[in-house]
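Engineer: Provided below are the primary sequence and the corresponding predicted coordinates.
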Number of protein chains: 2
Amino acid sequence: MTDQKIYQASTTAPVNIAVVKYWGKRDPKLNLPTNSSVSVTLSQADLRTHTTAACSASFGPEDSLLLNSSPQDVSGARTQACFRELRSLRTALEASDSSLPKIATLPLRIVSENNFPTAAGLASSAAGFAALVRAIANLYELPASPTELSRIARQGSGSACRSLFGGYVAWQMGEKDDGADSLAVQVAPASHWPTMRALILVVSAEKKGVSSTSGMQITVSTSKLFKRRAEIVVPESMLLMEKAIKKKDFQSFGEVTMRESNSFHATCLDTFPPIFYLNDVSRAAIRVVEDINKKAGKIIAAYTFDAGPNAVIYYEEENTDAVAGVLNGALNGLDGWQARDIKSQDSSDLDARAVQVLKDGVSRVILTSVGEGPIRTEESLIDAAGAPVKK
Amino acid sequence: MTDQKIYQASTTAPVNIAVVKYWGKRDPKLNLPTNSSVSVTLSQADLRTHTTAACSASFGPEDSLLLNSSPQDVSGARTQACFRELRSLRTALEASDSSLPKIATLPLRIVSENNFPTAAGLASSAAGFAALVRAIANLYELPASPTELSRIARQGSGSACRSLFGGYVAWQMGEKDDGADSLAVQVAPASHWPTMRALILVVSAEKKGVSSTSGMQITVSTSKLFKRRAEIVVPESMLLMEKAIKKKDFQSFGEVTMRESNSFHATCLDTFPPIFYLNDVSRAAIRVVEDINKKAGKIIAAYTFDAGPNAVIYYEEENTDAVAGVLNGALNGLDGWQARDIKSQDSSDLDARAVQVLKDGVSRVILTSVGEGPIRTEESLIDAAGAPVKK
């Protein structure tokens, strides 16, 4: 009689938003990037994926993944690569210690939930693959460090490798063909610079543009400016950004963040045919950040945009009134201000036209801050009988 | 008693729209560019500046310029440079031929009119300075060639140098510090490829963005991608574009035109703070051009944008139905279709969302074609008494 025991472990994992941007793969199969990148991990109180990984001879015969109650295809090369790599580590562990249960080959059942609307267009694949890899690593009791796991998560979704750490995280592009040195490392923990805040302006749904996966490869193959970004601009940005984080120098952090976002979107526009992620609402968000900084006489707010129109605005806690408060004053009617105790401030220094575009085009606000990496939890999404927990 | 005779001469001059873009000066005073450029001169039947230059001892004491009935400041360095250079050529001419009247030092009175709305945001300074230089050269009976005059017009407004020729015109950036070799030359006359058409979607007035004069210098000093555009991308574009024009190869002409527009706007976005000339209406124009080309299975339409949101769409006469006809089908309510005999065609292959954005954001259409250079005219804007003609 086969052991029908259900093994399981759970974790949460965070979203990260890059301040030095990843765009372009030198190896699409292994998700090896054309340049290094840096991100800030956001608090899981506001944005996180919660994942339970379980395995049992009673499951299967196939591996399965349920995300927000919807069955997902796990046959794709990316998910398969993660499963294969993690099973391989568990197999080695079992071989080295015969007292361990033989679970590496058992069918996996993964159940995952996001605490934020998928429709918000926030890059959820990073948190998703980080949680998946971390949960299975917990299930398999792997001694692997977050950096070792980042090599695996990277194969699921490039930017997922950065969500294995809290705080300020660099993804070193590496040089090796097999990607062994294309890994995430922590530049500084959240506790080093805990006052970093992020305000996300979620732009009302627009027909989905070009996916980042296909988009970045069209950029690599057609943009004539891209090579300069990958070879010259980003290496400079990496040095400046790591230094800014270490010195907690927001002035420099903010300038590099905004320049990096612009540089990335410039190479998208230089793609043929061009890729547009920024729209008029995004431009209006840039304008009001410029107005806020002009008023302050220095950079106290920094915008950045990923492969979509949502604006992420970084600022320090001490400037909450001057940044979040002023935006609350301008966009008072939106959902989201309640989450943190933001007092509405006078917004008359903001360009009136830009404010109107934001009022018409932003659907909600998310207020968050720098946060921790994946957190192991006993809260399981799979019950004792192996079924997904109904919520 | 002084000679009170009024000397005068008149010309019209065309607008030109670049297909390899000028953006960035290596010498702001002399308007010496960081890269060469190419443009198509547009027909003066649709867009032109009409200028009369007169001089007389009875004028003055200052030089004056009336544009569309409004007095203009002529004390600026650019206008002064044009006056000075032209007077210098006339002075030399008078010195070499004592039979000529001594008019070089007489006060100038210039009267100028555009046949298109200034508010349309069409680059009118090119036509304006070309007409001013050509009219004074006519007044002074200078034997200077258009290329020699281009050196002068360039100092008024960089792109004006290209409006001294019809057809397809290159502005060779030159190498000399004094700009003596930064000149316009004709790549091919309009008669070489007379079937080139241009359709301009005039976007409803938006608050004026960054002026091109200041914008381009901020790009030069802050964009980290700009150097690659000036040094690598544009030289390649120049070779491809001159070849495409000589071979009348629209496929190549169109691709280089669109890539050049995108590359230029990408360096604007990479400027810090970023400069945006394209808006959501511009993006919609790009989308419908892509849809038209997709339907045709090849490039039959090519968009380009200058320092503003208006789209200029080039196409060949044989594709009038597939380009202008289809756009007429989509944007039937606009003014401007009457100007040429465009039949409305089925536009169901165009993205419906993009069409709606265009319907909401385009105020009028201008239909035109490749055209001739400045044309001398006897129609004067200054009467026998030296007064501006009332229209």
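Structural biologist: Looks like it came in fine.
Engineer: show me what from the stretch 151-300 of chain A comes close to chain B.
Structural biologist: Contact residues, the stretch 151-300 of chain A versus chain B (Cβ under 8 Å from any Cβ of the partner chain): A:207, A:223-225, A:227-229, A:232-233, A:236, A:255, A:258-259, A:262-263, A:265-267, A:269-274, A:276, A:279-280, A:283, A:286, A:290. Quick note: C-beta positions are derived from backbone N, CA and C, even for glycine.
Engineer: those strands in the stretch 201-350 of chain A, which residues are they?
Structural biologist: A:301-304, A:311-316 (DSSP state E, counting those that start in this stretch).
Engineer: dump the ones you listed to TSV, plus mean pLDDT.
Structural biologist: Formatted as TSV, those follow (pLDDT from 0 to 100):
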stretch	mean pLDDT
strand A:301-304	98
strand A:311-316	98
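Engineer: of the residues of the stretch 151-300 of chain A next to chain B, select the buried ones using a ChimeraX command.
Structural biologist: Buried members of these, defined by 16 or more other Cβ atoms under 10 Å in any protein chain shown, are picked up in ChimeraX with:
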select /A:223,224,225,227,228,229,233,255,258,259,262,263,265,266,267,269,270,271,272,273,274,276,279,280,283,286,290
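Engineer: where does chain A dip in pLDDT?
Structural biologist: A:1-2, A:117-121, A:123, A:205-209, A:391 (pLDDT under 70).
Engineer: surely A:Leu334 meets A:Val365?
Structural biologist: Yes: using Cβ atoms under 8 Å, A:Leu334 makes contact with A:Val365 at a distance of 5.1 Å.
Engineer: settle it for me: which of these two has more neighbours?
Structural biologist: When neighbours are counted by other Cβ atoms under 10 Å in any protein chain shown, A:Leu334 and A:Val365 differ, and A:Val365 comes out ahead with 22 against 17.
Engineer: nearest residue to the middle of chain A?
Structural biologist: When Cα atoms, centre = their mean is applied to chain A, the residue found nearest the centroid is A:Asn16 (3.2 Å).
Engineer: A:Ser43 is in contact with that residue, correct?
Structural biologist: No: here A:Asn16 lies out of contact with A:Ser43, judged by Cβ under 8 Å, at a distance of 11.1 Å.
Engineer: now the phi/psi pair for the residue nearest to A:Val40 when sequence neighbours are not counted, please.
Structural biologist: Spatial nearest neighbour of A:Val40, excluding adjacent residues (Cβ to Cβ, 6 or more residues apart in numbering or on different chains): A:Val370 at 5.5 Å. The phi/psi pair for A:Val370 (degrees, to the nearest 10) reads phi -60, psi 150.
Engineer: on that earlier part again, any chance of the strands of the stretch 201-350 of chain A in TSV, plus distance to A:Tyr7 and mean neighbour count?
Structural biologist: Below are the strands of the stretch 201-350 of chain A laid out as TSV (distance: least, Cβ to Cβ, whole Å; neighbours: other Cβ atoms under 10 Å in any protein chain shown):
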stretch	distance to A:Tyr7	mean neighbour count
strand A:301-304	40	25
strand A:311-316	38	24
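Engineer: those strands: which one's closest to chain B?
Structural biologist: Of all the strands of the stretch 201-350 of chain A, strand A:301-304 sits nearest to chain B, with 9.9 Å by Cβ to the nearest Cβ.
Engineer: quick one: A:Gly215 from chain B, how far?
Structural biologist: A:Gly215 is 14 Å from chain B, where distance means Cβ to the nearest Cβ, to the nearest Å.
Engineer: from A:Thr304, how far off is that residue?
Structural biologist: Computed as Cβ to Cβ, to the nearest Å, the A:Gly215 to A:Thr304 distance reads 17 Å.
Engineer: likewise for A:Asn114?
Structural biologist: Taken as Cβ to Cβ, the span from A:Asn114 to A:Thr304 is 21 Å.
Engineer: quick one: contacts for the residue lying closest to A:Gly24 once chain neighbours are set aside?
Structural biologist: Distances taken as Cβ to Cβ, 6+ apart place A:Thr34 nearest to A:Gly24, at 3.8 Å, with adjacent residues excluded. Counting by Cβ atoms under 8 Å, 6 or more residues apart in numbering or on different chains, A:Thr34 makes contact with A:23-26, A:173, A:220, A:230.
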